[in-house]
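**Student:** one predicted model, sequence on top.
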Amino acid sequence: MDKEFKLELKVSHSRHTSKIFAGYLPEGNYRLQRIVGLQSTPEIGAGFDFAVRPGALTNLGTLIYQPIGEGKATFVIYDKQVDLARTLSKEFPALAKDLSDTAVIGWRKVATPGVGASGQAIPMSLQYGITGALIGGMVKKMAETEKRIAWEGAKDPALRVMLSKTSTYSLNAAQELPDGELLAGSNLGQLLLRSRSGEWRNIDLDDPREITALYARSRMHITVGGEEGMLKQSTDGGLTWVDLDIPIENGLIAHVAEVNGELFVMSIAQGKISLHSRMNTPGSRWGELANLQGMGILPHVNMPSRAAIHNGKYLLILPGKEIHSLDLATRTWTVSRVPQEIQEIGSNGESVYSTGFFQKPHLSHDEGASWSKLDYACGGFVSIVHDFAMLNKNEAWSLCHVGGAFVTSSRIRHSKDGGRTWTDLLAETPLKSTRMVVKKSVLLYIDRDVRIFSSADGGRTWMRDIRKLPDVAPASGDDTLNRQPK
């Protein structure tokens, strides 16, 4: 008789969108049929077989839930082994205790390309985290036929992973470079680079963890942080990367910045916010600057701003409670209470603003000591601020959802007087939008079908940005692994 066993879903502050399933099972041969613990339980299909043996640890690695267009989805095995000891030591210490003497086994066979891609519908309730919120809507109007054909022709596991990396993405901690290029962190260890002409390409860190923070001193010198304590640095524009060890317990790196050659890293772990710094040179040692309780819950749609550099100070937010300000010259802290609505912060260089998700924006001209509410950022009785940004003390943008839970479109509004009055910059987006990025040279928004639209003239005209899928090699070809995303 077949028996059903469930693997426990482990949730941790060390991860942003990924989840870990683990548990103890009796000895035997198993087939993974569904993932339990999400808001939906999509069927996986045949071919995902593994064994459990006495005294052995079965490591199934990373499994990617991947929409492939036209209402279909597949599951992709990311077979590169991650640092298993690192994950187990924090999440499952009992399993990690004797790992050095434990045999580690994996899938009994690699699933064939067609596994899981036999027409199952994408569960629209799979909406956790930014990656889930974005890929969950990728079902229409984004080269659906091209995607389906690409996936149907993908005969090699490595190519399927490549397709996943180029088919889904986030735009975390976007930073504009001096020449107008844009860098952003993404899921599956991807750093995304946008040219001024609107073409995106992937810089692959060969790591399944999501990049949630970054700082680029230049196009060549880049530091990124992410899930499970990921902190890496490249000095050759992303061709090679080195790990930067930091004394945190497997935390989520949520903010990275550099001031006068000093690297600041804010991390979240076990409900605490920690701030460390060191000189951004090889061999420098870390020092702890803060360790605060009361991190709060991360919003689901965009990577929240829990910290900002503003006028020579490092600002940390305990959501709805306090703002902690570190004077970088004197190394002294001051603390101010904040309204409950203040969940996140940003700086435009002249003032500090709050970007609390689904909250009315707030503005502070005294580094967070006092706040004023911007009441008309969206207007309308049922309008909701979904995203908010300011470039200076006068210019502000808001991404608004209008119409409540069943809204099918959004609008982008603009203020030239610090949020006192607003006009519609884009009265209606084609579909509901999930993210807005505002930089000096470009405005971006992403709709629920994961299309990126941009404007280089302040919102008067818009174009759709370009991201191409990799070429698909013939099934018998030997060059599959050498093909790169365009």
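**Tutor:** On my side now, so go ahead.
**Student:** helix or strand with the lowest mean pLDDT in the chain?
**Tutor:** Least confident element among the helices and strands of the chain, by mean pLDDT, DSSP states H and E: helix 129-135 (a mean of 33).
**Student:** residues contacting Arg411?
**Tutor:** Contacts for Arg411 were tallied using CB atoms under 8 Å, 6 or more residues apart in numbering; they are Leu399, Cys400, Val402, Asp424, Leu426, Ala427, Glu428, Thr429. For every residue, glycine as well, the C-beta is placed using N, CA and C.
**Student:** which residue ranges of the stretch 251-400 of the chain form strands?
**Tutor:** Assigned by DSSP state E, counting those that start in this stretch, the strands in the stretch 251-400 of the chain fall at 252-259, 262-269, 272-279, 287-293, 307-310, 313-318, 322-327, 332-337, 346-347, 352-353, 362-364, 372-373, 383-390, 396-402.
**Student:** pick the most deeply packed of these.
**Tutor:** Ranked by mean neighbour count under mean count of other CB atoms under 10 Å, these are led by strand 352-353, which reaches a mean of 26.
**Student:** thinking again about what came up before, make CSV from the contacts of Arg411 and add pLDDT and distance to Lys19 to it.
**Tutor:** Conversion of the contacts of Arg411 to CSV gives the following (pLDDT from 0 to 100; distance: CB to CB, whole Å):
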residue, pLDDT, distance to Lys19
Leu399, 89, 27
Cys400, 87, 31
Val402, 73, 32
Asp424, 90, 39
Leu426, 88, 35
Ala427, 86, 38
Glu428, 84, 35
Thr429, 84, 30
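**Student:** closest one to Ile248 out of those residues, please.
**Tutor:** Of all the contacts of Arg411, Leu399 has the smallest distance to Ile248: 32.4 Å, by CB to CB.
**Student:** wait, doesn't that closest one sit right on Asp387?
**Tutor:** Yes. With contacts defined as CB atoms under 8 Å, Leu399 counts as touching Asp387 at a distance of 3.9 Å.
**Student:** any common contacting residues for those two?
**Tutor:** Common neighbours of Leu399 and Asp387 (CB under 8 Å, 6+ apart) are Arg435, Met436.
**Student:** how about the helices of this structure, start to end?
**Tutor:** Under the criterion DSSP state H, the chain contains helices at 84-91, 93-96, 129-135, 144-152, 157-167.
**Student:** which one of those helices has the lowest average pLDDT?
**Tutor:** Note on those: lowest mean pLDDT is at helix 129-135, with a mean of 33.
**Student:** so in terms of bridging, what pairs with Val104?
**Tutor:** Taking DSSP bridges, one obtains Leu57 as the residues bridged to Val104.
**Student:** could you shift the numbering so residue one becomes 41, and keep it that way?
**Tutor:** Let's use 41 as the start, then, which means that last one is Val144.
**Student:** for it, what are its contacts?
**Tutor:** Here Val144 is in contact with Ala96, Leu97, Thr98, Asn99, Leu124 (criterion: CB under 8 Å, 6+ apart).
**Student:** please name the nearest non-neighbouring residue to Trp240.
**Tutor:** When the adjacent residues along the chain are set aside, Trp240 lies closest to Arg507, with 4.6 Å between them (CB to CB, 6 or more residues apart in numbering).
**Student:** contacting residues for the one you found?
**Tutor:** Listed by CB under 8 Å, 6+ apart, the contact partners of Arg507 are Thr206, Tyr209, Glu239, Trp240, Ile492.
**Student:** buried ones only from the contacts of Val144, please, as a ChimeraX command.
**Tutor:** One line in ChimeraX is enough to select the buried members of those, burial here meaning 16 or more other CB atoms under 10 Å:
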select :97,98,99
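**Student:** rewinding a little: how about the strands of the stretch 291-440 of the chain in JSON lines, adding distance to Leu72?
**Tutor:** Putting the strands of the stretch 291-440 of the chain into JSON lines (distance: least, CB to CB, whole Å) gives the following:
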{"stretch": "strand 292-299", "distance to Leu72": "27"}
{"stretch": "strand 302-309", "distance to Leu72": "30"}
{"stretch": "strand 312-319", "distance to Leu72": "34"}
{"stretch": "strand 327-333", "distance to Leu72": "38"}
{"stretch": "strand 347-350", "distance to Leu72": "39"}
{"stretch": "strand 353-358", "distance to Leu72": "40"}
{"stretch": "strand 362-367", "distance to Leu72": "45"}
{"stretch": "strand 372-377", "distance to Leu72": "49"}
{"stretch": "strand 386-387", "distance to Leu72": "42"}
{"stretch": "strand 392-393", "distance to Leu72": "46"}
{"stretch": "strand 402-404", "distance to Leu72": "46"}
{"stretch": "strand 412-413", "distance to Leu72": "49"}
{"stretch": "strand 423-430", "distance to Leu72": "36"}
{"stretch": "strand 436-442", "distance to Leu72": "37"}
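**Student:** right, and the ones you listed - which one's nearest Leu245?
**Tutor:** Leu245 sits nearest to strand 292-299 of all these, at 13.2 Å, using CB to CB.
**Student:** distance check, Gly499 against Gly291.
**Tutor:** Relative to Gly291, Gly499 is positioned 38 Å away (CB to CB, to the nearest Å).
**Student:** more neighbours, the two?
**Tutor:** Neighbour comparison, Gly499 and Gly291: the larger count goes to Gly291, with 26 against 17 (by other CB atoms under 10 Å).
**Student:** next up, phi/psi of that one, please.
**Tutor:** For Gly291, the backbone dihedrals are phi -80, psi 170 (criterion: degrees, to the nearest 10).
**Student:** one step back: out of the contacts of Arg507, which are buried?
**Tutor:** With neighbours counted by 16+ other CB under 10 Å, the contacts of Arg507 contain buried members at Thr206, Tyr209, Trp240, Ile492.
**Student:** ok, those residues vs Glu250, which is closest?
**Tutor:** For Glu250, the nearest member of these is Tyr209. The distance, counting by CB to CB, is 10.2 Å.
**Student:** number of residues surrounding the residue lying closest to Tyr70 once chain neighbours are set aside?
**Tutor:** Closest residue to Tyr70 in three dimensions, ignoring its sequence neighbours and counting by CB to CB, 6+ apart: Phe90, at 5.5 Å. Counted with other CB under 10 Å, the burial measure for Phe90 works out to 17 neighbours.
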